[in-house]
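Novice: sequence plus the predicted model coming up.
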Amino acid sequence: MTSSKIIEPGSTLGMLGGGQLGGFFTESALKMGYKVVVWDPSTVAPAKRFATLSFDASFDDVDARRNFIKAVDASSLEWENVPVSLVEELESEIDVRPGSRSLGLAQNRVQEKSFLSKHNFDLADYRVIYSRSELNSVDLPPPWIVKTATLGYDGHGQWLVPNCDYIKYAKESMTGSGPWVVERVVQFEQELSVVVGLHQNGHTTTYPPTENIHENNILKLSISPGRIPTEVLKKAQELATEVVLCIGEAGVFCVELFSLKNGGILVNEIAPRPHNSGHHTIDTFTISQYELQIRALCGLPMPTPIMKGHSVLLNVLGEEMRELTSKPKWESIIANQHARIYLYGKESIRPGRKMGHILFHGDELATLIPEALETQQMLTDP
Ligand SMILES: Nc1ncnc2c1ncn2[C@@H]1O[C@H](COP(=O)(O)OP(=O)(O)OP(=O)(O)O)[C@@H](O)[C@H]1O
Ligand SMILES: [Mg+2]
């Protein structure tokens, strides 16, 4: 369904997936006067802390689907692996924003890459292989990153092939049944992400690009706005907006980019939802990416969010959570006037799992970056 009606406060919004992104959406929706039904098979999903009503059934449960449609006026999503077939079923009765088309693209790297190249966006050179043995005949100069077509996240389902001698080891460690995307490693200047909102009336809204620094392929630091020349900043925003317009479904998206030394920008991937690099918008913009997601879902106006300051976001991963909550460290961080601690309420700690983040917010990146780096050091040193 693609209706042009406005969904007013007092209505009930659905959220498919109950992680931290869904949690921030739900919290924001409550503040705006909406109720939220969170559907996630995990009974302890973080977003359920804020939910008006929770669904714990698996996503293929037909009764739950029927009840969800009855309970909500429209729905959004926060998890990329919600079954496309569920979203298609929901769409026949209610608005789901973003919808099944963008979800389908994001779930399958092969489809995502071919969609982007069909629309002439610049990408890292890549090939698609359907069996491990095809790795021997890939006609691209290494180094490569081999990526599973489906179910990859935080660098899971990726294997680095530094040179051809390494192909035999990669073939042994590659999991899944294919296809895989074999991508040339890009010597990027910076990784950027741009959050874009698309209204049902075609209007778009973006935030300035965030500069992202990964550690072991997991997002560690996000600097906003990215330390890039104004023309690159503008070009990245325009490029991300074009990508979202090509997808053409209302909602909030994040486009991940690689900026190159020669001024070029490559598209890495698309997330049909707010992004972990965009949590800072809660504190540093008049409209957060979550409020934008609600506005896009409900057909409300989407004016350009005004920036209220600079920020550095430090993700708290796995065991760092224990360090953060140890008394002396927690006390010193919370005493910093720039630092705001966000904990997602996840019950179990797993290596690399995003447990929370600390946002360093102020006027000068020159102050905030060292503070974030010192804190990072504090959390990695037991
Ligand atoms: N072609 C490439 N060249 C250089 N670095 C790359 C390339 N592809 C991926 N990376 C690095 O690996 C990270 C994770 O890759 P990607 O975003 O494709 O996968 P993902 O597992 O879906 O990650 P996430 O869920 O964190 O977005 C990128 O953010 C980047 O740091
Ligand atoms: Mg990514």
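Specialist: Ah, there it is. Numbers count the residues shown, from 1 in each chain. Ligands and ions are numbered 1, 2, ... in the order given.
Novice: every contact and neighbour count from this point should use C-alpha atoms.
Specialist: Fine.
Novice: tell me the residues of this protein that contact ligand 1?
Specialist: 124, 152-156, 183-186, 214, 217-218 (C-alpha under 6 Å from any ligand atom).
Novice: and those residues, which are buried?
Specialist: A124, G152, E183, R184, V185, V186, I218 (16 or more other C-alpha atoms under 10 Å).
Novice: over to K354: give its phi and psi.
Specialist: Dihedral pair for K354: phi -80, psi 110, per degrees, to the nearest 10.
Novice: ok, now the one 10 residues further on?
Specialist: With angles defined as degrees, to the nearest 10, E364 shows backbone torsions of phi -130, psi 120.
Novice: what sits closest to it if chain neighbours are left out?
Specialist: Leaving aside its sequence neighbours, E364 sits nearest to H310 (C-alpha to C-alpha, 6 or more residues apart in numbering; 6.5 Å).
Novice: contacting residues around V87?
Specialist: Contacts for V87 (C-alpha atoms under 8 Å, 6 or more residues apart in numbering) come out as V96, G99, S100.
Novice: what's the lowest-pLDDT member of the buried ones among the residues of the chain next to ligand 1?
Specialist: Within the set of these, pLDDT is lowest for G152 (76).
Novice: separation between that one and P162?
Specialist: When distance is defined by C-alpha to C-alpha, to the nearest Å, G152 is 20 Å away from P162.
Novice: and if you look at E364?
Specialist: For E364, the distance to P162 - C-alpha to C-alpha - is 38 Å.
Novice: those two: which is more packed in?
Specialist: Ranked by neighbour count (other C-alpha atoms under 10 Å), E364 and P162 place P162 first, with 16 against 11.
Novice: let me see the confidence value for E323.
Specialist: 93.
Novice: can you list the low-confidence ranges for this protein?
Specialist: Applying pLDDT under 70 to the chain picks out residues 1.
Novice: domain map for it?
Specialist: With domains defined by automatic domain parsing, the chain comprises 12-96, 125-184, 190-380.
Novice: the shortest one: how far from the chain's middle?
Specialist: Okay, so that is domain 125-184. When C-alpha coordinates are averaged (C-alpha atoms, centre = their mean, to the nearest Å), domain 125-184 and its chain have centres 23 Å apart.
Novice: how about the helices in the stretch 51-200 of the chain?
Specialist: 62-71, 84-91, 100-107, 109-118, 167-173 (DSSP state H, counting those that start in this stretch).
Novice: using the three-state scheme, assign T375.
Specialist: Put simply, T375 is helix when judged by DSSP: H, G, I helix; E, B strand; the rest coil.
Novice: gap between H310 and E249?
Specialist: Distance from H310 to E249, counting by C-alpha to C-alpha: 30 Å.
Novice: re earlier: in strands only, show me the residues of the chain next to ligand 1.
Specialist: Judged by DSSP state E, strands contain the following of these: E183, R184, H214, I218.
Novice: quick one, what contacts the first one?
Specialist: Spelled out, that is E183. With C-alpha under 8 Å, 6+ apart, E183 has these contacts: A124, D125, Y126, R127, W144, I145, V146, K147.
Novice: and what of the third one?
Specialist: With C-alpha under 8 Å, 6+ apart as the criterion, the residues that contact H214 are K220, L221.
Novice: what about the most centrally placed residue in the chain, distance to S348?
Specialist: In the chain, the C-alpha nearest the mean C-alpha coordinate belongs to H275, at 3.0 Å (C-alpha atoms, centre = their mean). Distance, H275 to S348, by C-alpha to C-alpha: 22 Å.
Novice: what does E191 give?
Specialist: For E191, the distance to S348 equals 30 Å [C-alpha to C-alpha].
Novice: and the two? Which one has more around it.
Specialist: E191 (22 against 9).
Novice: now the more buried one, nearest residue through space, not along the chain?
Specialist: F258 (4.7 Å).
Novice: who does the one you found bridge with?
Specialist: E191, L266 (DSSP bridges).
Novice: before we move on, back to that, quick one: neighbours of the residue nearest to E364, just the number.
Specialist: 20.
Novice: for M321, same thing?
Specialist: Applying other C-alpha under 10 Å, we find 20 residues neighbouring M321.
Novice: which among the contacts of E183 count as buried?
Specialist: For these, buried by 16+ other C-alpha under 10 Å: A124, Y126, R127, W144, I145, V146, K147.
Novice: ranges for the strands of the stretch 201-350 of the chain?
Specialist: Along the stretch 201-350 of the chain, counting by DSSP state E, counting those that start in this stretch, strands occupy 204-206, 210-215, 218-224, 251-259, 265-271, 310-317, 339-343.
Novice: nearest to E8, of those?
Specialist: Closest to E8 of those, according to C-alpha to C-alpha: strand 251-259, at 16.7 Å.
Novice: just the ones of the buried ones among the contacts of E183 in strands?
Specialist: Per DSSP E, the buried ones among the contacts of E183 map to strands at Y126, R127, W144, I145, V146, K147.
Novice: tabulate those residues (CSV), appending distance to G202.
Specialist: Listed next are these as CSV, based on distance: C-alpha to C-alpha, whole Å:
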residue, distance to G202
Y126, 32
R127, 33
W144, 38
I145, 36
V146, 36
K147, 33
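Novice: closest to S76 out of those?
Specialist: Nearest to S76 among these is K147, at 27.1 Å by C-alpha to C-alpha.
Novice: who's in contact with the nearest residue to the closest one once chain neighbours are set aside?
Specialist: The shortest distance from K147 to any residue other than its chain neighbours is 4.5 Å, reached at Q158 (C-alpha to C-alpha, 6+ apart). Residues near Q158 by C-alpha under 8 Å, 6+ apart: I145, V146, K147, T148, G152, M174.
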